[in-house]
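> Give me the fold of what follows.
(2 chains)
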Amino acid sequence: MAAETIERTTPPDTRGPSSRLSAGTLGLGIASVVTVLAGTAVVQARYARAGGPLTPECNRHGLLHFVPTPPPGRGIKGAEGVCHIVGGLRSGSETAILVFAILVGAAAVAVGFGIFRRMDTKRRREQALAGAILGIQAVILGGVLLWFRSTATVFTFVRNFLNFTLLRPYMGVLFRGAKNTIFLAVVGEVGGIAIGLTLALFLLSARRVVRAPARVYVNFFRGTPLIWQLSFFYFLFILGFNLHFSAFSAALIVFSLNTGAYASEVFRAGIQSIERGQMEAARSLGFSYLQAMRYAIVPQAVRRVIPPLLNEFVILIKDTALITVLGLVASQYELYVASQTGYSDTANATFFVATAIGYLAITLPLIRAVNAVERKLRSGLVSVAGGP
Amino acid sequence: MNERSDGGEALVRLEDLHKWFGSNHVLRGIDLSLQRGDVQVVIGPSGSGKSTLLRCVNMLEVPTEGHVWFEGRDITDIRTDLNEVRTHIGIVFQAFNLFPHKTACQNVTVALEKVLKVDPKEARDRAMQELKHVGLDHKADAYPGQLSGGQQQRVAIARALAMRPKLMLFDEVTSALDPELVKEVLDVMQRLASEGMTMMVVTHEMGFAREVGTDLVFMEDGRILEQGDPRQVFGDPRHDRTRTFLSRVL
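Now for the predicted structure:
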């Protein structure tokens, strides 16, 4: 280094010895979070499996055995399950777990923030910081659980939101609901892609007379609420046109029409993102405009629009819930309507919790797929348009 | 070189060509003709309208005024089937413009199959022959992204040649290449010229213009300032502007 030969006052080395606790801090942080989550889960699983009678405390809070026989039935369905959840939460082992996790988390915070500046590598500094941040999360989680289990509302909450026993007779309905949700979304998306690609070609036309109707269509379907479209077109089909459409088929058509409007803009943007030279090269080889689109432009654009189209699909999955306004017959219930039946039968919100889990089970893998495709596109593995 | 077997009928004739981009008057009355076997090289400062002129020949740019005659047909006539005309005119671009989702071989075959309706087997044979011609038969199954700039440009030349065009247009085909890759492309072009291909070349490669060109056109501000035998123009330009331009680039 040439700089060392220059005579000048070197600033004092303030760096001190590097701490060696980085990995340890990370370990503490991980341990604290895992203790809260896994520990609570294990306690809950043990209480759920061990079963046992209703505790006096549960009885005091109005949890009574359900007695089906002489009408009207007394007690609460699934009272034992509720009691076990609360029992687990209020048990001594849970107390031990939470206190331990909070202490470990606090230790991770103290050590991590104390030492991270004195780490000699980026990697170690990140480890120390991650440990401290995990510690904060464990302290917060543990604190909230400690507070929550001590409140009187815990019984009400668990009875209304976590009474999973009630779901049992409805599992068939809920699964069929999930199936119908997926069916509605898939058919709607496929129809939408077909409509969207055609519309996109119209939107890109150099002729205003071709563009204008497509633009009217797109603006109409993007500018009115989907719930309005469902009601309007359903009544249009059955009353206006005297067609014998079930609400389900009407919804399939409306979902396609609506998705088509959004997909057309996605395709239009995708096609416009292909370099102009591609069209020029194709036309120079004697391709007609449509041939150039088909063999040169669209195959490249399709790859670029996969992530936004998958996003549209995730949105459509959730929007299928709007079909509830049309009134369905039982076999056509999709996930949200199915859960509503359960709710109105039992007046218990556990069904909404179950529905959320159902939607997430469908959408999370898709969201992951979107991210994976986007990552792949960005890293150029698919190159601009699909390598070998 | 320079066989004029057609009894004087020009392959391409441009007649009083004007092009406006908005209010920008890019071509200001071009009259030019190209005989079969000619290698016409167009030079001039950037913005002088060279590329626009070249792109008017296959109607990628539609002239605002004037006529383009190809084989005695006015292809600026709205009734012309341009798709058919373009199968006879190959063009190679500065940016290669290969189809990135197709292999080198597929880049060559796609137009043969879909435009000329050649059957796939024969198209493949013809593609391999043209790739061999540009020295890339061993890269037939590579995607453009896996090829160097020079190799991509040679595939682009093969793609155009496979159509058996009567005229080849080259639009600054070496400008986007790393210096060490320029030669392999110029060599291919030089060989094409020696095989009697009619070519119109917009370029900044003055060596190529002098050695390979049979006709040199110097453009400035949308007009042709000087035209003639390359050696004569390079050796003793008639116009002051040509002299200044050449002294700057040589």
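> Check what contacts stretch B:63-71 and list those residues.
With contact meaning CB atoms under 8 Å, 6 or more residues apart in numbering or on different chains, stretch B:63-71 is reached by B:9-20, B:27, B:29-30, B:56-57, B:59, B:74-76, B:85, B:88-89, B:166-167. (Glycine included, C-beta is placed from N, CA and C.)
> Buried ones among those residues?
B:10-15, B:17-19, B:27, B:30, B:56-57, B:59, B:75-76, B:85, B:88-89, B:166-167 (16 or more other CB atoms under 10 Å in any protein chain shown).
> can you tell me which of those are in helices?
Among the buried ones among the contacts of stretch B:63-71, the residues falling in helices (DSSP state H) are B:C56, B:V57, B:V85.
> Could you pick out the residues of chain B near chain A for me?
Applying CB under 8 Å from any CB of the partner chain, we find that chain B lies next to chain A at B:58, B:60, B:83-84, B:86-87, B:89-91, B:93, B:95, B:97-101, B:110-111, B:114-116, B:143, B:145-146, B:156, B:159-160, B:163.
> Not counting its neighbours along the chain, what's nearest the residue of the stretch 51-200 of chain A found nearest chain B?
Taking CB to the nearest CB, chain B has its nearest neighbour within the stretch 51-200 of chain A at A:L197, 17.0 Å off. In this structure, A:L197 finds its nearest non-sequential neighbour in A:F267, 5.4 Å apart by CB to CB, 6 or more residues apart in numbering or on different chains.
> What of A:C58?
Counting by CB to CB, 6+ apart, the residue nearest A:C58 is A:C83, at 3.9 Å.
> Contacts made by the helix or strand that neighbour falls within with the rest, please.
For A:C83, the host element (DSSP states H and E) is helix A:79-89. The contact list for helix A:79-89, computed with CB under 8 Å, 6+ apart, reads A:40, A:43-44, A:46-48, A:50-55, A:57-58, A:63-66, A:76, A:94, A:145, A:148-149, A:154-155, A:158-159, A:162-165.
> remind me which residues of the chain are low pLDDT?
Since no chain was named, I'll use chain A. Applying pLDDT under 70 to chain A flags the ranges A:1-7, A:13-19, A:70-73, A:378-388.
> Please refer instead to chain B.
B:1-8.
> Give me the most central residue, it.
In chain B, the C-alpha nearest the mean C-alpha coordinate belongs to B:L169, at 1.4 Å (CA atoms, centre = their mean).
> who does that residue bridge with?
Beta-bridge partners recorded for B:L169 (DSSP bridges): B:I91, B:M200.
> Verify the stated contact: it with B:G90.
Yes. Taking contacts as CB atoms under 8 Å, B:L169 lies within contact range of B:G90: 6.8 Å.
> residues near residue 104, how many?
Going with chain A. 25 (other CB atoms under 10 Å in any protein chain shown).
> wrong chain, I was asking about chain B
When neighbours are defined as other CB under 10 Å, B:A104 has 29 of them.
> how near is it to A:I274?
Separation of B:A104 from A:I274 (CB to CB, to the nearest Å): 20 Å.
> Other residues contacting stretch A:303-312?
A:189, A:192-193, A:259, A:262-263, A:266-267, A:269-270, A:273-274, A:366, A:369-370, A:373-374, A:377, A:382, A:384-386, B:101.
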